[in-house]
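Engineer: build me a model:
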Amino acid sequence: MEESGFSFTPKHLLGIYSLVRKDIEKELSATPHAIKVIFIGDISETSSGKLEDDVTEAKWFSPDEIYAMDNMTLRDLDIKQMVKDYFAGKKFSLESIVHTVATK
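Structural biologist: Residues are numbered from 1 along each chain as shown. Just a heads-up that it's a prediction; the model follows:
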């Protein structure tokens, strides 16, 4: 919802992706390392139109448009692998994720 304005219901896990950003490590005191849990699911037919303050716009792109993008266009190039995995039919059960609630 925060980045697109659409409600999302997860149906499957696409994968867990690790991205080490060596391209910007010199600008920071440490090497950024993101772990991304990516879901496949259903979105609402309409957007709320409300985006978070740090999001300027949301757009849809075809796979070919994404594959043609470089690091000046895409913030993270690993999105290309995610799109390839999606169209290759990769998906895992949501039961792959263990959810535990700790209480006092």
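
Engineer: for the chain, which strand is longest?
Structural biologist: strand 8-20 (DSSP state E).

Engineer: name the residues that touch the helix or strand following that one?
Structural biologist: Using DSSP states H and E, the helix or strand that directly follows strand 8-20 along the chain is strand 33-43. Contact partners of strand 33-43, identified using C-beta atoms under 8 Å, 6 or more residues apart in numbering, comprise 4, 6-21, 76, 78, 82, 86, 91, 97. C-betas here are computed from N, CA, C, even on glycine.

Engineer: show the buried residues in these.
Structural biologist: 4, 12-15, 17, 78, 82, 86, 91 (16 or more other C-beta atoms under 10 Å).

Engineer: between those, which is nearest residue 53?
Structural biologist: Among the buried ones among the contacts of strand 33-43, residue 4 lies closest to residue 53 (C-beta to C-beta), at 14.7 Å.

Engineer: where's that closest one relative to residue 44, distance?
Structural biologist: Remark: distance between residue 4 and residue 44 (C-beta to C-beta, to the nearest Å) = 10 Å.

Engineer: CSV please, covering the buried ones among the contacts of strand 33-43 and showing distance to residue 60.
Structural biologist: Listed next are the buried ones among the contacts of strand 33-43 as CSV, based on distance: C-beta to C-beta, whole Å:
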residue, distance to residue 60
4, 9
12, 20
13, 22
14, 17
15, 21
17, 21
78, 19
82, 15
86, 14
91, 21
